[in-house]
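K.L.:
I need the structure of the sequence given here:
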Amino acid sequence: MNKCMSVSLFLISMCWVLSAVSGCVASYGGELSSVSVEDIEVKSLSEEYSTPVNGERGNILNVTACIVNADKSDSSALLVRFKLEKTASSEPSPSREVAIKNVELDCMKGRSMLYQSVQIAVPGPGTYDVEVSVFEEGKDPSPTVGTTFVVGEEGEVEMF
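P.N.:
A predicted model of the protein is given here:
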């Protein structure tokens, strides 16, 4: 390799390294949010402590997500999305989606953790999937976290 070519390769690689270090190059096409969902918990609420959700009948569940901001600085505005679906069964169904609940937060303090809960009514016993996503304004979202659980005949919840 001649001297001119090796100098050119060195300059190109230095430009790439400096761009990557400065944040100009990101593998996700943008800055990845440091706010993420770490855990999900689903509990059944007894009738005396719960209120009907949009007038629907069925079992009322409390879905709680543990959300963490790993960055030193405060986040920008957040949208926390809870998506509940009935798992595939032998019965044909046009839609598995049971509910989507969105919670908007102004911001989250740096290096902090919070628990965000929503109440969701499920139509009856069965196996369900819940996914929680956090979207931070102006940033690529962190990966979605999900879990599967079973609602029994008496409304009891069993997590997997």
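K.L.:
All the strands of the chain, in order from the start?
P.N.:
Ranges of strands in the chain, per DSSP state E, are 35-44, 59-69, 78-86, 97-105, 112-122, 126-136, 145-151, 157-159.
K.L.:
so the residue positioned nearest the centre of the chain bridges to which residues?
P.N.:
In the chain, the centroid-proximal residue (C-alpha atoms, centre = their mean) is residue 133; its distance is 1.9 Å. Here residue 133 sits in beta bridges with residue 81, going by DSSP bridges.
K.L.:
distance of it from residue 35?
P.N.:
From residue 133 over to residue 35 the distance is 11 Å, taken as C-beta to C-beta, to the nearest Å. Glycine gets a C-beta too; all of them are placed from N, C-alpha and C.
K.L.:
Common neighbours of the two, please.
P.N.:
Taking C-beta atoms under 8 Å, 6 or more residues apart in numbering as the criterion, residue 133 and residue 35 both touch residue 142.
K.L.:
would you list the strands of the chain in CSV and tack on mean pLDDT?
P.N.:
Output for those, formatted as CSV (pLDDT from 0 to 100):
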stretch, mean pLDDT
strand 35-44, 96
strand 59-69, 95
strand 78-86, 96
strand 97-105, 95
strand 112-122, 95
strand 126-136, 96
strand 145-151, 94
strand 157-159, 91
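K.L.:
what sits against the residue nearest to the centre of the chain?
P.N.:
Taking C-beta under 8 Å, 6+ apart, we find residue 133 in contact with 37, 80, 81, 83, 141, 142, 144, 145.
K.L.:
Out of these, which comes closest to residue 105?
P.N.:
Within these, proximity to residue 105 (C-beta to C-beta) peaks at residue 80, which comes in at 6.7 Å.
K.L.:
Can you measure across stretch 65-81, start residue to end residue?
P.N.:
Stretch 65-81 stretches 10 Å from its first residue to its last (C-alpha to C-alpha, to the nearest Å).
K.L.:
let me fix that: stretch 87-96
P.N.:
First residue to last in stretch 87-96 (C-alpha to C-alpha) measures 7 Å.
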